[in-house]
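Undergrad: Provide a 3D model corresponding to the input given below.
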Amino acid sequence: MQRLTQVLDVELAPAAPHLSLVDARRVEAPDPNGLAVLVKYMMPRISAFAQTVKRQALVRPEGITGAVVGGFYSLVSSSYPTQAFADPTEALAWLGRPEQEAHALVNELNDLVMRQMGQSPLLSELHRVLRHRLVDANLADVARRLGMSERTLQRRLREAGTSFQSELNTVQVRTAQALLLASDAKLTSVAVEVGCASLQHFSGLFRKMTGESPSAWRARHRKTP
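TA: Model (predicted):
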């Protein structure tokens, strides 16, 4: 978050007045401490941003994480128009970009992010599909939604050094982390939400992926700075 605030300085003077798009679609587990760093950065600079930013669109992730991210503007009141969107093309339309140009910009942005993350477009799309189907995720359905056969998906994942089950477990734990941070839901509820058959199964998977129990992880990440 501290590195992000350094990047945000690019929007300040001597930058020319401009429209701003903040793409937060890939935020997976909002950290209250990180949000506090961002708010602390913004508060003394609101008037400075108002001199250069004419309008700002925030593209939020879906689900409960998106609700937390989208709530940022309720913490920081700006004097320029702001709005949160789930779809980047809708955000760009609100900023006045024509549909064809918006699609081209989104594709360019996605390519840049994938190169920086070192993650293949396949894994990015796979995670996107899985996030909405954790309860009944299965290889056949996900492969169909990705427009390929089960065998092709398995082969491409194997070439990427991973597997369907491994990526499913990754998305399950990341989604659980978001739920643990953003709500007071009981662990059994979180387990069901991410598609685990039992609390024992969920706790074992979570510990294997993070090295901590879900309750210990939640307690540690909810501590104030």
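Undergrad: hey, let's count contacts and neighbours off CA atoms from now on
TA: Will do.
Undergrad: what number of residues lie near the closest residue to residue 99 other than its chain neighbours?
TA: Using C-alpha to C-alpha, 6 or more residues apart in numbering and skipping residues adjacent in sequence, the residue nearest residue 99 is residue 93, 6.8 Å away. Around residue 93 sit 14 other residues, with neighbours defined as other C-alpha atoms under 10 Å.
Undergrad: residue 49 too?
TA: 21.
Undergrad: what does residue 134 give?
TA: A count of nearby residues for residue 134, using other C-alpha under 10 Å, gives 19.
Undergrad: thinking it is in contact with residue 170, fair?
TA: No: the pair residue 134 and residue 170 does not pass the contact test of C-alpha atoms under 8 Å, sitting 11.0 Å apart.
Undergrad: list the residues that contact both of these two?
TA: Shared contacts of residue 134 and residue 170 (C-alpha atoms under 8 Å, 6 or more residues apart in numbering): none.
Undergrad: just the element for the residue nearest to residue 99, please.
TA: Per DSSP states H and E: residue 93 is located in helix 88-94.
Undergrad: following that helix, which helix or strand shows up next?
TA: helix 99-117.
Undergrad: name the residues of the next helix or strand after that next one that are buried.
TA: Proceeding N to C from helix 99-117, the next assigned helix or strand is helix 121-131, under DSSP H and E. Residues 123, 126-127, 129-131 are the ones in helix 121-131 that count as buried (16 or more other C-alpha atoms under 10 Å).
Undergrad: any chance of a markdown table for these, columns distance to residue 205 and pLDDT?
TA: Output for the buried residues of helix 121-131, formatted as a markdown table (distance: C-alpha to C-alpha, whole Å; pLDDT from 0 to 100):
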| residue | distance to residue 205 | pLDDT |
| --- | --- | --- |
| 123 | 20 | 88 |
| 126 | 20 | 92 |
| 127 | 17 | 89 |
| 129 | 20 | 90 |
| 130 | 17 | 92 |
| 131 | 17 | 87 |
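Undergrad: for those residues, which one is nearest residue 89?
TA: residue 129 (18.7 Å; C-alpha to C-alpha).
Undergrad: return the distance of residue 15 relative to residue 75.
TA: Distance of residue 15 to residue 75, given as C-alpha to C-alpha, to the nearest Å: 25 Å.
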